[in-house]
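>>> Turn this into a structure:
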Amino acid sequence: MGAATVTSSHRSMAVAVVAFSAAATTFLLAAATAAAASPVPAIYVLGDSIADVGNNNHLPTFLRADFPHNGIDYPGRKATGRFSNGNNSVDFIGGSLLVLHLVYTGYYSTDSYFLSWVENSVPVVLVENAVLVPVGKDQRSKNPSETKFSRRKRSHLVTADNLGLASPPPYLALSRSNANYANGVNFASGGAGVSKATNKDVVVQGLCISFDKQIDYYSSVYASLAQSLGQAQAAAHLSKSLFVITIGSNDIIHYAKSSSAAGNLPPQPFVDALIQTLTAQLQRLYDLGARKLVFLGTAPVGCCPRLRKLSAARDCSAVANDASVRYNAAAASLLGGMAARHPDMHYALFDSSAALLPFINTPTAYGFAEARVACCGLGDMNAKIGCTPLSSYCANRMTHVFWDLYHPTEATAQKLTSMAFDGSVPLIFPMNIRQLSAL
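Down below sits the predicted model:
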């Protein structure tokens, strides 16, 4: 009887493994096919810490996030250099068609953050003990036990997301000898600004990659692609690729904190100077093959915890928020003018300021509970010192708008990116990212 039981058990396990392997293989092949058929072959990213995925890890700088508690909700709880508890906006724009989340259970597997993530991430597939179990909002509400795991089990979470492209790797992490630039590259660096004067000391010392230097790096990538693919094929590849740009926040933060905001330079001349510089920078990208631009405008940076802390009443900085509104409007005019001059150029501009302000003003309406205090940090409003291994952090990151003294949580980034990807005028215009991708 014992021997028969063992044989039966082994046979059942074998059937389960075969069934899982077949289902997983089918899913993986479908995912690969979808990725290959994507109208967007690659994503090239330039900007600041909102989009940095680890470039600053390779610089001798204090402007980095490759240490806890950053990445606490990233797969494997890994601090990758993203200024976030998990993924950032660039990750969600491309989305890996197969974003593999390895979740070790125990106390973490059943906490509210993970369950909320599952509930709000569809379509998803949970792989539990070699069984492929589809889970969605309806299924989960009918059988919540499917998302609760015993302490000795582990599960994988696979999600199909947006463009079906892996988030491009940081440029400084790539080997120059065998890098595949055709798959996309991320040049973004925490601390970068439109103006060379922003974080000037940091830039001079090589503690961040200035926006101009990022374009220099991209120029070398362009040359490499032209050499490896041929000029015509490289141009065709780049014309279909997305160029995601998020820049300007650091310029505005420094302006608001400096004496310039006290009357030395009014906001409009300040913004005009930024746009004059940005015009030449974007034109240079166009000259280097960029034809589909996703421009993520600056958020209401005056409401980030660090700038709130400068106010005795802990109010948002009106100076910074006004500059953000002016900057986004000017960037819209700039891009509209470029598109008029270059009929083969198309763009989608996301008004991050208008999109994020409702989260801050009425957080509960958008699923948040805290829109003033940072989740991770030290001191008043967790905004005196940023997120470090010594900092405290909130238990439920899903309910906080801000992760640290400047940056949004993964939950905020995901909601905003969803609006940019499938939203409409006036938040994203003249088209959304999905529509731009399909051109």
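>>> what mean pLDDT does stretch 306-315 have?
Averaging pLDDT along stretch 306-315 gives 94.
>>> Now do the buried residues in that stretch.
Arg306, Leu307, Arg308, Lys309 (16 or more other Cβ atoms under 10 Å). For every residue, glycine as well, the C-beta is placed using N, CA and C.
>>> Let me know whether Cys387 touches Cys376 as I believe.
Yes: with contact defined as Cβ atoms under 8 Å, Cys387 reaches Cys376; the gap is 3.7 Å.
>>> Which residues are in contact with each of those two?
Listed as contacting both Cys387 and Cys376 by Cβ atoms under 8 Å, 6 or more residues apart in numbering are His69, Asn70, Tyr393, Trp403, Asp404.
>>> Please tell me which one of the residues you listed counts the most neighbours.
With neighbours defined as other Cβ atoms under 10 Å, the most crowded of the shared contacts of Cys387 and Cys376 is Trp403; it has 35 neighbours.
>>> Quick check: closest non-adjacent residue to it.
Distances taken as Cβ to Cβ, 6 or more residues apart in numbering place Thr409 nearest to Trp403, at 4.4 Å, with adjacent residues excluded.
>>> so how far is Thr399 from the one you found?
Taking Cβ to Cβ, to the nearest Å as the measure, Thr409 falls 9 Å from Thr399.
>>> of these two, who's got more company?
The neighbour count for Thr409 versus Thr399, taken as other Cβ under 10 Å, is higher for Thr409 (27 against 20).
>>> That one and Met398: what is the separation?
8 Å.
>>> Kindly report the same for Thr362.
Taken as Cβ to Cβ, the span from Thr362 to Met398 is 17 Å.
>>> these two touch, right, Ser249 and Val301?
Yes: counting by Cβ under 8 Å, Ser249 touches Val301, with 5.3 Å between them.
>>> Mind listing the shared neighbours of the two?
The contact sets of Ser249 and Val301 overlap at Ser324, Tyr406 (Cβ under 8 Å, 6+ apart).
>>> the more surrounded of Thr362 and Met398?
Legend: neighbour count by other Cβ under 10 Å for Thr362 and Met398, higher for Met398 (24 against 11).
>>> Where do the helices of the chain begin and end?
2-36, 89-94, 112-119, 137-142, 200-204, 211-229, 231-240, 249-257, 267-287, 305-308, 318-341, 352-361, 410-422, 433-438 (DSSP state H).
>>> lowest-confidence stretch among the ones you listed?
Sorting these by mean pLDDT places helix 137-142 lowest, at a mean of 35.
>>> Give me the domain ranges for this protein.
The chain is divided into the following domains under automatic domain parsing: 1-37+98-160, 171-438.
>>> Dump those domains into JSON lines; add distance to Phe83 as well.
Output for the domains of the chain, formatted as JSON lines (distance: least, Cβ to Cβ, whole Å):
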{"stretch": "domain 1-37+98-160", "distance to Phe83": "18"}
{"stretch": "domain 171-438", "distance to Phe83": "4"}
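>>> Of those, flag the one that's most buried.
With neighbours taken as mean count of other Cβ atoms under 10 Å, the domains of the chain reach their highest mean count in domain 171-438, at a mean of 19.
>>> what's the offset of that one from the middle of its chain?
Relative to the chain's own centre, domain 171-438 is displaced by 10 Å; criterion: Cα atoms, centre = their mean, to the nearest Å.
>>> I'd like to know how far the closest residue to His342 other than its chain neighbours sits from Ile50.
Closest residue to His342 apart from its sequence neighbours, by Cβ to Cβ, 6+ apart: Tyr286 at 6.2 Å. According to Cβ to Cβ, Tyr286 stands 22 Å off from Ile50.
>>> do Leu349 as well
15 Å.
>>> Repeat that for Ala79.
17 Å.
>>> any idea how far Asn328 is from Ala420?
13 Å.
>>> cool, and Leu416?
14 Å.
>>> list the residues that contact both of the two?
Ser352.
>>> follow-up on the earlier one: which members of the shared contacts of Cys387 and Cys376 occur in strands, if any?
Counting by DSSP state E, the shared contacts of Cys387 and Cys376 place Tyr393 in strands.
>>> I'd like the distance between the closest residue to Lys309 other than its chain neighbours and Asp422.
Spatial nearest neighbour of Lys309, chain neighbours left out: Ala383 (4.5 Å); criterion: Cβ to Cβ, 6+ apart. Plainly put, Ala383 is 33 Å away from Asp422 if you go by Cβ to Cβ.
>>> now swap in Leu278 and tell me
In terms of Cβ to Cβ, Leu278 sits 27 Å off from Asp422.
>>> which ones are touching Arg326?
Contacts were defined as Cβ under 8 Å, 6+ apart; by that measure Arg326 touches Pro267, Gln268, Val271.
>>> and of the residues you listed, the nearest to Ala323?
Closest to Ala323 out of the contacts of Arg326 is Pro267 (5.1 Å), distances taken as Cβ to Cβ.
>>> the strands in the stretch 51-200 of the chain, which residues?
Secondary structure of the stretch 51-200 of the chain (DSSP state E, counting those that start in this stretch): strands at 99-104, 124-128, 131-135, 154-159, 185-186.
>>> measure stretch 39-47 end to end?
Taking Cα to Cα, to the nearest Å, the first and last residues of stretch 39-47 lie 24 Å apart.
>>> what's next to it, contact-wise?
Contacts of stretch 39-47 with the rest of the structure, by Cβ under 8 Å, 6+ apart, involve 51, 53, 90, 93-94, 163, 165, 167-168, 182-189, 192, 211, 214-215, 218, 221, 237-238, 240-247, 285, 290, 292, 296, 437-439.
>>> Next: stretch 257-273.
Ser195, Tyr255, Leu307, Leu310, Val319, Ala320, Asp322, Ala323, Arg326, Tyr327, Ala330.
>>> and what of stretch 198-217?
Contacts of stretch 198-217 (Cβ under 8 Å, 6+ apart): 46-47, 55-56, 59-63, 171-172, 187-194, 196, 247, 250-251, 254, 281, 284-285, 288.
>>> Let me have the buried residues of stretch 306-315 in a markdown table, adding distance to Gly86 as columns.
Converted to a markdown table, the buried residues of stretch 306-315 look like this (distance: Cβ to Cβ, whole Å):
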| residue | distance to Gly86 |
| --- | --- |
| Arg306 | 21 |
| Leu307 | 24 |
| Arg308 | 23 |
| Lys309 | 24 |
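>>> residues in contact with stretch 362-369?
Stretch 362-369 is contacted by residues Pro358, Phe359, Glu370, Ala371, Met398, Thr399, His400, Val401, Ala411, Thr412, Lys415 when judged by Cβ under 8 Å, 6+ apart.
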